[in-house]
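*Asks:* with the sequence up front, the predicted model follows.
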Amino acid sequence: MRPILLMVGLCVNRNLWQNSTTAVGTGRGAELGVLVKGGAALEAASRVDTVLVDKTGTLTAGRPQLAAVKALGEASEDELLRLVGSAELGSEHPVAKALVEGARARAGGVPLAAPEDFRADAGRGVVARVEGREVRIGTARYLAERGIDAAPLEELAQGLAGQGNTPSFVAVDGQLAGLVAVADLPTPEAREAVAALHRLGVRVAMVTGDREATARAVAQQLGIDEVFAEVRPEDKARIVREERERGRVVAMVGDGINDAPALAGAHVGIAIASGTDIAVAAADVALLRGGVGALPAALGLARATLRTIRQNLFWAFIYNVIGIPIAAGALYPVTGWLLSPVLASAAMSLSSVSVLVSSLRLRRFRQAG
C-alpha cells in the first residue's frame, strides 16, 4: 500500500510539474506583455535557435516619411509628387501613406486627385490613372514589365538605398518620370533586442520586400546576421520552410497580413500586437507591448519555464527513488526504517508542494539586460 501511494504520487506529479509550471510561466509572460497561446507554444519557443524578422513595422517604427524626390524631364518635383500622392491614395501600405502625406505637405494646399483604375501588385508596386494619366510606381522590375527602363535613376536609387531609404521609380504614361524615396527608421529597442537574442545564442535574419541595399543598411545598423531581401509575401513562408528543412527551430516575427502564412508555418509564430488582427490570430505568441523589444524576454521566459520543469522532474525523481524503497520496506532488514501509510501520504503531498514552490520561482523572472 505504501509504495503504491508514492508511485501514484509520482504519476500525478508528472502532470503537476508541467501544468503548474506552464501556468506560472504563461502568467508571468502576461505580466511582461507576452501572450503565449498554450504550453506547446511555450515548449517550442524554448528551443528556438533562429529568428526571422520582418522589417517594416517590426524592426522599424512602421511610420515611414518622405526622404527624397527626383524628377526627370519638364515636370517639377512638386508635380511629380502630387501625381504619386494621388495614385497612392488607393493603397493602405505604410510607404503609400508616407508618399500621400509628403505630397500633401509639398502641395501647398492643392488637393490630391482621386485615382481611377487603381491596382496594387504586392511587393512590386502600384498603378493608377490620375487625371487621365497612367502613373506607375514601384521597382525597376515592375516598370520593366511595361518596357520602361529605370537605368537612368538606378545609381541614385542605390545611393539612397545604401542610406537605409526605400526608393521607388515613377513612370507617367509609359515614360520614366522620376524617383521617390521614404525612410523608416529602426525603433530604439530593435538594436537592443537583436543584441539580447545574440546573447541567448539565437541567429537573427531579416526578411523584407525592400531592395538588397536598403535591407543591408538597416541590418548593419541593428547588427543582424543575415538578410533575405526583395522577398515577395508568398516567399516568406517558403523561407520559413527552407530554414525548418535545414534542421533549425524557427520563430517568425511579423505584424502584417502578408506575414500570416509565414507565422503559421514557423515552429513559433510571434506577432506584434500593434499589427493586423490576422497576424495576431495566426501567431502562437503575441507581444502586447514593447514591440520587438519584448522578444528576448519571451524566448528567455520560455527557456526558464522548460528549465524549471526539468529541474522539478529531476528532484521529484530523486525524491521517489529514495522514498519508494523505504515505503516498500526494502531497507527495513538493514536500518529498521519503515513508512506508515499516513507518512507515505504526507510524503506524497510534500512532493507536490515542493513542485509548486519551485514553479513559483518563475514569478521573479527578469530578462537579463
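*Replies:* Okay, I see it.
*Asks:* what's the average pLDDT for stretch 273-285?
*Replies:* If you average the pLDDT over stretch 273-285, you get 80.
*Asks:* what's the end-to-end length of it?
*Replies:* Using Cα to Cα, to the nearest Å, one end of stretch 273-285 lies 9 Å from the other.
*Asks:* need the contact partners of that stretch.
*Replies:* Here stretch 273-285 makes contact (Cβ atoms under 8 Å, 6 or more residues apart in numbering) with 34-38, 40-41, 44-45, 57-58, 254-257, 259-261, 263-264, 268-272, 286-289, 291, 298. C-betas here are computed from N, CA, C, even on glycine.
*Asks:* please spell out the ChimeraX selection for the buried subset of those residues.
*Replies:* ChimeraX command restricting these to the buried ones, with burial defined by 16 or more other Cβ atoms under 10 Å:
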select :34,35,36,41,44,45,57,58,254,255,256,257,259,260,261,263,264,268,269,270,271,272,286,287,288,291,298
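*Asks:* so Gly57 touches Ala271, yeah?
*Replies:* No - in this structure, Gly57 is not within contact of Ala271 by Cβ atoms under 8 Å, at 10.8 Å.
*Asks:* who touches both of those two?
*Replies:* With Cβ under 8 Å, 6+ apart, Gly57 and Ala271 have common neighbours Asp255.
*Asks:* what bridges to Ala68?
*Replies:* With DSSP bridges as the criterion, Ala68 is bridged to Ala181.
*Asks:* looking at it, it is touching Val180, isn't it?
*Replies:* Yes - Ala68 sits in contact with Val180 when judged by Cβ under 8 Å, with a separation of 7.0 Å.
*Asks:* distance of Glu77 relative to Phe169?
*Replies:* Look at Glu77 and Phe169: by Cβ to Cβ, to the nearest Å, they are 15 Å apart.
*Asks:* of these two, who's got more company?
*Replies:* Neighbour count, other Cβ atoms under 10 Å: between Glu77 and Phe169, Phe169 has more, with 27 against 14.
*Asks:* now Ala105: closest residue in space that isn't a chain neighbour?
*Replies:* Distances taken as Cβ to Cβ, 6 or more residues apart in numbering place Leu66 nearest to Ala105, at 7.6 Å, with adjacent residues excluded.
*Asks:* name the helix or strand for that neighbour, please.
*Replies:* Applying DSSP states H and E as the criterion places Leu66 in strand 65-71.
*Asks:* measure how far that strand is from the centre of its chain, please.
*Replies:* Relative to its chain's centre, strand 65-71 lies at 29 Å (Cα atoms, centre = their mean, to the nearest Å).
*Asks:* with stretch 135-143 instead?
*Replies:* 29 Å.
*Asks:* hmm, who's touching it?
*Replies:* Under Cβ under 8 Å, 6+ apart, the answer for stretch 135-143 is 83-84, 86-88, 99, 115, 121, 124-129, 146, 148-151, 154, 157, 168-172, 176, 180, 211, 230.
*Asks:* picking up where we left off before, the next helix or strand after the strand holding Leu66 - contacts with which helices or strands?
*Replies:* Later in the chain than strand 65-71, the nearest helix or strand by DSSP H and E is helix 77-87. Judged by 3 or more Cβ pairs under 8 Å, 6 or more residues apart in numbering; DSSP states H and E, helix 77-87 is in contact with strand 65-71, helix 94-106, strand 125-130, strand 133-138, strand 165-172, strand 175-183.
*Asks:* please work out which of these is packed deepest.
*Replies:* Among those, strand 165-172 has the highest mean neighbour count (mean count of other Cβ atoms under 10 Å), at a mean of 26.
*Asks:* for the strand holding Leu66, what is the average pLDDT?
*Replies:* For strand 65-71, mean pLDDT rounds to 91.
*Asks:* any residues touching that strand, and which ones?
*Replies:* 77, 79-81, 98-99, 101-103, 105-106, 153, 156, 160, 165, 167, 177-184.
*Asks:* same question for stretch 241-257.
*Replies:* Residues contacting stretch 241-257 (Cβ under 8 Å, 6+ apart): 44-45, 47-54, 56-58, 62, 203, 207, 236, 240, 259-260, 262-263, 265-272, 274-276, 278-279, 292, 295, 299.
*Asks:* Val182 reaches His93, doesn't it?
*Replies:* No - taking Cβ under 8 Å as the definition, Val182 is not a contact partner of His93, at 10.4 Å.
*Asks:* so what are the domain limits for the protein?
*Replies:* Domain ranges of the chain: 33-61+187-293, 65-183, per automatic domain parsing.
*Asks:* how about JSON lines for those domains, with distance to Arg310 added?
*Replies:* Converted to JSON lines, the domains of the chain look like this (distance: least, Cβ to Cβ, whole Å):
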{"stretch": "domain 33-61+187-293", "distance to Arg310": "10"}
{"stretch": "domain 65-183", "distance to Arg310": "43"}
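*Asks:* what's the neighbour count on Asp277?
*Replies:* Based on other Cβ under 10 Å, the number of other residues close to Asp277 is 10.
*Asks:* what's the answer for Asp54, then?
*Replies:* 28.
*Asks:* leaving out the residues flanking it, which one is nearest to it?
*Replies:* Gly254 (3.9 Å).
*Asks:* separation between that neighbour and Ala283?
*Replies:* 8 Å.
*Asks:* how about Val204?
*Replies:* Val204 is 18 Å from Ala283, by Cβ to Cβ.
*Asks:* those two: which is more packed in?
*Replies:* Shown here are Val204 and Ala283; by other Cβ under 10 Å, Ala283 has more neighbours (29 against 23).
*Asks:* how many residues are close by Gly174?
*Replies:* Neighbours of Gly174 (other Cβ under 10 Å): 12.
*Asks:* quick check: it touching Glu145?
*Replies:* No - the criterion here is Cβ under 8 Å, and Gly174 misses it with Glu145 at 11.7 Å.
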